[in-house]
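Q: Provided below for reference: sequence and predicted model.
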Amino acid sequence: MSIDLGTVPAWISSLALPLALIIFIRDRGNTERSQVDLIGAWTSPRYEFRAPDDPSEDFMIEVDVSVRNSSQLPVELVQLGCKVATAWLVPDWQQIPTGQGPNIWGPTPGTTTSKFFVEKITLPPGDTRDISAKIDVRNHAPKDAKQLTFPHGIHASIEWILVHDNAGRRWELLPSKGRRAKRIRWYSRRKEYQDPAFRGVPPRWLPFGARILRQG
C-alpha cells in the first residue's frame, strides 16, 4: 500500500492562496489604519509647588491635553478619556524622632484616581487642538498629606481615544498600552465607555440586528 503525498510544487501551490489571502488582509488593514496611526495625543499637567507643611488648601490642578492630526484628511475625535493619578508628600514617621514634628517627608501615591473626558472635536489635517481641564484632587490625599510632590506629583495618562476617520470607519486607540489602533465594528465587544452607536449599525439582512446592538 502506498500513499501519494504529492510533489513539492503541488504543496507550494496549495499554500500560495492562503498565504496571498493573509498578505492581502494584512496590507488592507495597514492601509485602513494609516490615517489613525498619524493621530497623536499627550498631556501636560500643571500645579503650584508648595512646601510640604504649607497649610494652603488649594488642591486644584490643571491638565492640558493636546491632540494632533498629522494626516492629510480630517478626523472626528468622538471621545478621549484621561486618567489622573497623584503623589503626595507624607511625613516619614519611622525616621522622625519621637516627640518631634514632621520634618522628613516621602512621596506616597494618592488613595484614588480621577478621570475626565474630551468629546466631539473635529480635527482638520495638520491641526493640533489644546484642551485644559481643572480638577480638584483633595480626595486623592493620603493621611497626613498636605501637598503634592514636585515635579512628579501629577501623572496624567490618556487611556483611550475613540475616532471616526475620514472614510467613516471607527477606531479605538489605546496610547497608554502602546497598542496599534483597533477597528471597531458593529459586532465588536462593547466597553463601558463606548456608546452603543459608536459601533455602527448591523447589516439590514441580519435578523434582530438593532436589538443585538442595544444589548451589546
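A: The structure has been received and is ready for your questions. Residues are numbered from 1 along each chain as shown.

Q: tell me the mean pLDDT over stretch 153-173?
A: For stretch 153-173, the mean per-residue pLDDT is 93.

Q: quote the end-to-end distance of it.
A: Distance between the two ends of stretch 153-173: 26 Å, counting by Cα to Cα, to the nearest Å.

Q: show me where the chain has helices.
A: Secondary structure of the chain, counting by DSSP state H: helices at 8-33, 209-215.

Q: partner strands of the lengthiest strand in the chain, with direction?
A: Ranked by number of residues, the top strand in the chain under DSSP state E is strand 75-91. Paired with strand 75-91 in the same sheet, following DSSP bridges, are strand 105-109 (antiparallel), strand 114-123 (antiparallel), strand 147-148 (antiparallel), strand 154-164 (antiparallel).

Q: buried deepest among the ones you listed, which one?
A: Highest mean neighbour count of those: strand 147-148, a mean of 24 (counted as mean count of other Cβ atoms under 10 Å). Heads up, the C-betas are built off the backbone N, CA and C, glycines and all.

Q: contacts made by that one with the rest, please.
A: Applying Cβ atoms under 8 Å, 6 or more residues apart in numbering, the external contacts of strand 147-148 come out as 47, 49-54, 56, 61, 86-89, 137, 154.

Q: who's the closest spatial neighbour of I121, skipping the chain neighbours?
A: L77 (4.4 Å; Cβ to Cβ, 6 or more residues apart in numbering).

Q: no further queries at this time; thank you.
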